[in-house]
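*Asks:* I need the structure of the sequence given here:
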Amino acid sequence: VAPLLLRWILKGLILSFLLKATLSLNPDDPNVCSHWESYAVTVQESYAHPFDQIYYTRCTDILNWFKCTRHRISYKTAYRRGLRTMYRRRSQCCPGYYESGDYCIPLCTEECVHGRCVSPDTCHCEPGWGGTDCSSG
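*Replies:* Numbers count the residues shown, from 1 in each chain. Model prediction:
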């Protein structure tokens, strides 16, 4: 019974990881920045593979029964593995913001004691409080 339970737990962890990986940041959030990222993909590609094709023609060579050997380069389709560079757009929180779920939240290096962080290192203080960290009354 224990191996079966362990297997179910592992499947659940993998599923939750995959769900987290598929969640993306809200592109309409003004605090989401994006950049292009390159990645390599292995592809099967075709190419023209040259080979020596031997054929015979009539000629005046009595010793070879009037048959002469000739060569020509021909091509056949062959396949090989290759790498192709692809590009995708990646979203991430802009500098000064951190990811929380699918939102980018401003980061204040000092805690906003009597207020809340509204943009990077900027506190909005409750009425009657002031200072950079809303600790002055």
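*Asks:* tell me if Pro57 really is in a strand.
*Replies:* If you look again at residue 57, you'll see it is Thr, not Pro. Yes - membership of Thr57 in a strand is supported by DSSP: H, G, I helix; E, B strand; the rest coil.
*Asks:* how close does it get to Phe51?
*Replies:* Relative to Phe51, Thr57 is positioned 19 Å away (criterion: Cβ to Cβ, to the nearest Å). Heads up, the C-betas are built off the backbone N, CA and C, glycines and all.
*Asks:* geometric centre of this structure: which residue is closest?
*Replies:* Closest residue to the average C-alpha location of the chain: Tyr39 at 5.6 Å, with Cα atoms, centre = their mean.
*Asks:* tell me which element it is part of?
*Replies:* Under the criterion of DSSP states H and E, Tyr39 resides in strand 32-58.
*Asks:* next secondary structure element downstream of that strand?
*Replies:* Beyond strand 32-58 toward the C-terminal end (DSSP H and E), the next one is strand 67-93.
*Asks:* that next one pairs with which strands?
*Replies:* strand 32-58 (antiparallel) (DSSP bridges).
*Asks:* what are the phi and psi values at Asp61?
*Replies:* Note on Asp61: its backbone torsions stand at phi -80, psi 100 [degrees, to the nearest 10].
*Asks:* for this protein, give me the ranges with low pLDDT.
*Replies:* Scanning the chain for pLDDT under 70 picks out the ranges 1-2, 4-9, 11-23.
*Asks:* again, only this time at 90
*Replies:* 1-30, 34-35, 61-64, 89-91, 100-103, 136-137 (pLDDT under 90).
*Asks:* excluding chain neighbours, what is closest to the residue nearest to the centre of the chain?
*Replies:* Among residues not flanking Tyr39 along the chain, Met86 sits closest, at 5.7 Å (Cβ to Cβ, 6 or more residues apart in numbering).
*Asks:* that neighbour touches Glu37, doesn't it?
*Replies:* No - using Cβ atoms under 8 Å, Met86 makes no contact with Glu37, being 9.5 Å away.
*Asks:* count of residues packed around Thr69?
*Replies:* Thr69 sits with 11 neighbouring residues when counted by other Cβ atoms under 10 Å.
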